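>>> Following is a predicted model, sequence given first.
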Amino acid sequence: MNIHHLELFYFVAKFEGITAAVRKMPYGIQQPAVSGQILQLEEKLGVKLFNRRPFALTPAGEELYDFIYPFFSRLGDLEGKLKGEEARHLRLAATASALRNHLPDVLGVLKKKEPSMKLSLKEVAPSDVHTLLTSQQVDVAIGVLDGRLSDGLKCEPLLRIPTVLWVPSKSRAKTIKDLLEKDPFSKKGMMGKEPLIGLPQNEILQQIIQKEFDRREINWPVSVELNSTDVIRDFVERGFGVGLGIAIPGMKGPKGLRAIELKGFPPLVIGALYQGKPKGVVQLFLEIAKLYARGIGK
């Protein structure tokens with residue numbers, strides 16, 4: 001049996017006639033179309049389901065209506081329930097650092113405003129944010145904004161984080177110039193005095209700093225490549241060299257290390273990324289996140 005034919009029969013039986021059903025159904029359909037499809041249903045079953053004038057269900061019609069009534073009569077309630085649950089479900093992706101250090105505060109405020117909210121959190125590498133959003137596995141992601149948005153993605157900038165070089169606290173260096181020396185293979189260029197601990201070339205932070213190195217003719221290739229700024233700091237502390245990183249507002253630097261701000265270097269811009277028109281709980285999250293970022297960015 002065609003499920004659409006059964007639905008039309010349900011409305012005809014419920015409202016006691018084709019004309020009344022056409023007027024009261026939740027979507028538009030012409031009376032001749034309803035009549036034709038009900039006839040197809042009767043032909044398929046080989047029975048007459050109702051008398052037209054005056055309207056009355058036949059015994060076969062009564063049996064069919066009793067069978068389909070529990071399903072079709074509850075569809076509206078189920079639709080409302082599912083829509084309500086989805087509207088309160090926030091699916092969020094972010095880096096481990098953001099999940100650990102900042103999002104608990106933001107989500108705590110959100111939870112007070114939306115006590116029935118359902119929350120799904122996913123730890124993600126910056127390079128995976130785009131795929132998660134475009135495949136609709138998450139509603140919003142906290143990640144690095146690098147100016148290249150596609151596939152209908154939108155963004156809300158939250159923080160501009162200064163880039164830094166991590167050195168041991170006992171280091172005498174005050175600025176990046178103190179860590180450079182004349183490059184013997186270049187007329188104007190400089191080179192690093194110590195090994196540089198950095199990220200893979202596909203990481204945006206590494207690309208930002210390397211691009212500025214090139215512009216300033218600084219020859220300082222990465223000697224120790226790691227995939228986390230947290231681990232970079234650990235290796236600086238253990239004496240492997242000078243480490244690239246960021247100075248996150250509101251967070252104290254690791255004990256035993258000192259950050260030398262890379263003045264004049266572009267900052268790392270962190271923002272919220274999403275696709276399409278955000279649902280209510282996402283809009284509320286964005287508002288709270290912007291207020292939080294404004295507070296820690298002062």
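Here it is on my side, so go on.
>>> F72 and D128: what is the separation?
Distance, F72 to D128, using C-beta to C-beta, to the nearest Å: 42 Å. (Glycine included, C-beta is placed from N, CA and C.)
>>> same question, K170
38 Å.
>>> Can you give me the domain boundaries for the protein?
3-73, 83-160+269-296, 163-266 (automatic domain parsing).
>>> one step back: neighbour count winner among K170 and D128?
D128 (15 against 7; other C-beta atoms under 10 Å).
>>> If we ignore the residues flanking it in sequence, what's nearest that one?
Spatially, and ignoring its direct neighbours in sequence, D128 is nearest to A93 (7.9 Å; C-beta to C-beta, 6 or more residues apart in numbering).
>>> Wait, L49 touches Q37, no?
No: at 11.9 Å, L49 does not count as touching Q37 under the criterion of C-beta atoms under 8 Å.
>>> what about those two, which has more around it?
Between L49 and Q37, counting by other C-beta under 10 Å, L49 is the more crowded of the two (21 against 17).
>>> Low-confidence ranges, the stretch 151-298 of the chain, go.
Along the stretch 151-298 of the chain, segments meeting pLDDT under 70 span 151, 250, 297-298.
>>> Now with 50, please.
Low-confidence segments of the stretch 151-298 of the chain (pLDDT under 50): none present.
>>> for the stretch 1-150 of the chain, same thing?
For the stretch 1-150 of the chain, no range has pLDDT under 50.
>>> Mind doing that once more with 70?
80-84, 150.
>>> Which stretches in it count as strands?
Assigned by DSSP state E, counting those that start in this stretch, the stretch 1-150 of the chain shows strands spanning 50-51, 56-57, 89-94, 118-123, 140-144.
>>> right, so those strands: which one is the most enclosed?
Mean neighbours per residue, mean count of other C-beta atoms under 10 Å, is largest over those for strand 140-144, with a mean of 24.
>>> Can you spell out which helices and strands pack onto that strand?
In terms of contacts (3 or more C-beta pairs under 8 Å, 6 or more residues apart in numbering; DSSP states H and E), strand 140-144 is packed against strand 89-94, helix 129-134, strand 268-275, helix 280-296.
>>> how about those, which one is nearest K44?
Between K44 and those, the shortest separation by C-beta to C-beta is 40.0 Å, and it involves strand 89-94.
>>> so what does that closest one touch, helix or strand wise?
Packing partners of strand 89-94 (3+ C-beta pairs under 8 Å, 6+ apart): helix 103-113, strand 118-123, helix 129-134, strand 140-144, helix 280-296.
>>> try 6 Å this time
On a contact count with 3 or more C-beta pairs under 6 Å, 6 or more residues apart in numbering; DSSP states H and E, strand 89-94 meets strand 118-123, strand 140-144.
>>> In a markdown table: those strands, plus distance to A98.
What follows is the helices and strands packed on strand 89-94, written out as a markdown table (distance: least, C-beta to C-beta, whole Å):
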| stretch | distance to A98 |
| --- | --- |
| strand 118-123 | 9 |
| strand 140-144 | 5 |
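>>> ok, and what's touching stretch 193-206?
144, 146, 179, 181, 220, 222-225, 232, 235, 240-244, 268 (C-beta atoms under 6 Å, 6 or more residues apart in numbering).
>>> All the helices of this protein, residue numbers only.
Secondary structure of the chain (DSSP state H): helices at 3-15, 18-24, 31-45, 59-73, 75-87, 96-101, 103-113, 129-134, 204-215, 229-237, 280-296.
>>> who wins for proximity to P157 among those?
Smallest distance to P157 across the helices of the chain (C-beta to C-beta): 8.6 Å, for helix 280-296.
>>> As CSV, could you dump the C-alpha coordinates of the closest one?
What follows is helix 280-296 as a C-alpha-only set of coordinates in CSV (Å, rounded to 0.1, in the frame of the first residue of the first chain):
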residue,chain,number,x,y,z
GLY,A,280,18.4,29.3,18.7
VAL,A,281,20.8,27.5,21.0
VAL,A,282,23.7,28.2,18.6
GLN,A,283,22.8,31.9,18.4
LEU,A,284,22.7,32.0,22.2
PHE,A,285,26.1,30.2,22.4
LEU,A,286,27.6,32.7,20.0
GLU,A,287,26.3,35.7,22.0
ILE,A,288,27.7,34.3,25.3
ALA,A,289,31.0,33.3,23.6
LYS,A,290,31.5,36.8,22.3
LEU,A,291,30.9,38.4,25.7
TYR,A,292,33.3,35.9,27.3
ALA,A,293,36.0,36.6,24.7
ARG,A,294,35.5,40.3,25.1
GLY,A,295,36.1,39.9,28.9
ILE,A,296,39.3,37.8,28.7
